[in-house]
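J.: what would the 3D arrangement of this be:
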Amino acid sequence: MIASAPWVVVSVGVAVLAVLLVVAALAFRGPEQPSAWKPGPAMTLPAPSTSDSVTSVPSAPERLSPAPGGSATSASPAASVLPSPSSRTASPAGRSEASRAPDRPTSAPPGPPVAQGALTATYRVSGAVEPDSFRAQMVVRNGTAESRDWQVELRFTGDVTGIRASSGPGVSVSIKGGGWYLLSGTVPLAAGAQQAVDLRFSRTGGGEYPAHCVVNGSSCAL
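T.: Numbering: from 1, shown residues only. All right, here's what the predicted structure looks like:
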């Protein structure tokens, strides 16, 4: 029967060969490795809102003094509500408006003392004193309540032979001779003001201070 049907033998051999190939392929294949675990997307939970949250703090019960009838009355504890952080924070504009206070005027520094109600003059020697010259300064002060013209009369000994005077507001000098000089302001001296006059004298001997000094008829301070 087998000899009469040789294709049957060939078919069986091919089937056996195919089975052997499958078994060999499975034998050489390594064990399957499990796939690595991959984390999924992170979950985000909603954060609790604290802007509108309020905190209630129970206050201590108030103690009341006993009533005239002898019975004490106690008040029930009340809850005090604290404002939220947003309401406690002042805006920068509010702070700037609150801190914007009007500037206070500062008073001017006091000037030198001026005799009230009088026109005075002060004479003093200033700078280096040389054998043939010396320097002095005269300050005229108006202590009256109105502008005044002023005139200072200086009388030296015959050793003083010349004078030079300078002042910012202006000063005029009249030489009478023999050490006699008249100095006056070119403009009236305002009330409460003062004028300084720088003087330079030439001489042939001693005597830096005048023997006679008056301003508008009143004696000067030497």
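J.: for this protein, which segments count as strands?
T.: 55-58, 79-82, 119-130, 133-142, 151-155, 160-166, 171-175, 180-185, 194-203, 212-215, 218-219 (DSSP state E).
J.: JSON lines for these, including mean neighbour count and mean pLDDT?
T.: Every residue, glycine included, has its C-beta placed from N, CA and C. Formatted as JSON lines, those follow (neighbours: other CB atoms under 10 Å; pLDDT from 0 to 100):
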{"stretch": "strand 55-58", "mean neighbour count": "9", "mean pLDDT": "47"}
{"stretch": "strand 79-82", "mean neighbour count": "10", "mean pLDDT": "45"}
{"stretch": "strand 119-130", "mean neighbour count": "15", "mean pLDDT": "92"}
{"stretch": "strand 133-142", "mean neighbour count": "20", "mean pLDDT": "96"}
{"stretch": "strand 151-155", "mean neighbour count": "20", "mean pLDDT": "96"}
{"stretch": "strand 160-166", "mean neighbour count": "16", "mean pLDDT": "93"}
{"stretch": "strand 171-175", "mean neighbour count": "14", "mean pLDDT": "94"}
{"stretch": "strand 180-185", "mean neighbour count": "18", "mean pLDDT": "95"}
{"stretch": "strand 194-203", "mean neighbour count": "18", "mean pLDDT": "95"}
{"stretch": "strand 212-215", "mean neighbour count": "18", "mean pLDDT": "96"}
{"stretch": "strand 218-219", "mean neighbour count": "12", "mean pLDDT": "94"}
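J.: those: which one's closest to residue 10?
T.: strand 55-58 (94.6 Å; CB to CB).
J.: and the nearest residue to residue 134 once chain neighbours are set aside, what's its pLDDT?
T.: Leaving aside its sequence neighbours, residue 134 sits nearest to residue 208 (CB to CB, 6 or more residues apart in numbering; 5.0 Å). We have a pLDDT of 91 for residue 208.
J.: surely residue 208 touches residue 136?
T.: Yes. Counting by CB atoms under 8 Å, residue 208 touches residue 136, with 6.9 Å between them.
J.: overlap in contacts, the two.
T.: 125, 201 (CB atoms under 8 Å, 6 or more residues apart in numbering).
J.: nearest residue to residue 129 in space, please, no chain neighbours.
T.: residue 208 (6.3 Å).
J.: who are the contact partners of that neighbour?
T.: Counting by CB under 8 Å, 6+ apart, residue 208 has contacts 125, 129, 134, 136, 201.
J.: so which of these is the closest to residue 220?
T.: Using CB to CB, these come closest to residue 220 at residue 136, 11.4 Å.
J.: check contacts around the residue nearest to the closest one when sequence neighbours are not counted.
T.: The spatially closest residue to residue 136, leaving aside those adjacent along the chain, is residue 199, at 4.5 Å (CB to CB, 6+ apart). Residues in contact with residue 199 (CB under 8 Å, 6+ apart) are 135, 136, 137, 138, 163, 164, 165.
J.: tell me how far residue 199 lies from residue 166.
T.: 8 Å (CB to CB, to the nearest Å).
J.: next one: residue 157
T.: Relative to residue 166, and taking CB to CB, residue 157 is found at 24 Å.
J.: could you do residue 127 as well?
T.: In terms of CB to CB, residue 127 sits 13 Å off from residue 166.
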